[in-house]
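Asks: Fold the following and give me the result.
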Amino acid sequence: MTKIGEMYQSADWKKEKHVPVIDCPDKVKGDEVFAVSASIGKEVAHPNTIGHHIQWIELFFKPDDSKFVYQVGSFTFSAHGASTEGDDEGPVYTHHGVTASMKIKQPGTLIATSSCNIHGLWENSRKIEIG
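Replies: Coordinates of the predicted model:
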């Protein structure tokens, strides 16, 4: 049986344009709101065309002392240049990056996942401390 977790790919985001990049503080104050950004193609640009684009990014948090993961947000990118004038001629393109506000009560790991319409599922994670 194939499991969805086996389908996720990961690599160094500085060399691979599909890996989600998580930008946030390394340490936050417990129970205070902070910003987390997740994007694709920070060092190596990812295309955003009808034929090749990022479909979505999801952000999760796993507390250190828990086996469970909590979804922070799910973000869908719908505009990739569609137009009655032809593919990639449209007036709007959604950029594959998001910023969410959140707070945590304990240290843990942020996990970002994404989907490229051609190259499949990707993931990355980042540890975050309370201080």
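Asks: Would you map the strands across the protein?
Replies: For the chain, the strands defined by DSSP state E cover 20-23, 27-28, 34-40, 54-63, 70-76, 97-102, 108-116, 120-130.
Asks: Let me know the average pLDDT across the shortest one.
Replies: What it means is strand 27-28. Strand 27-28 shows a mean pLDDT of 98.
Asks: what about Asp23, distance to His96?
Replies: Here Asp23 is placed at a distance of 14 Å from His96 (C-beta to C-beta, to the nearest Å). C-beta coordinates here come from the backbone N, C-alpha and C atoms, glycine included.
Asks: Find residues that contact each of these two.
Replies: When contacts are counted by C-beta atoms under 8 Å, 6 or more residues apart in numbering, Asp23 and His96 have Ser39 as shared neighbours.
Asks: neighbour count winner among these two?
Replies: His96 (23 against 13; other C-beta atoms under 10 Å).
Asks: Next, count neighbours for the closest residue to the more buried one other than its chain neighbours.
Replies: Nearest non-adjacent residue to His96, counting by C-beta to C-beta, 6 or more residues apart in numbering: Ile54, 3.8 Å away. Using other C-beta under 10 Å, the number of residues around Ile54 comes to 28.
Asks: Contacts only, for Ile54.
Replies: Ile54 neighbours (C-beta under 8 Å, 6+ apart): 18, 40, 46, 48, 77, 96, 114-117.
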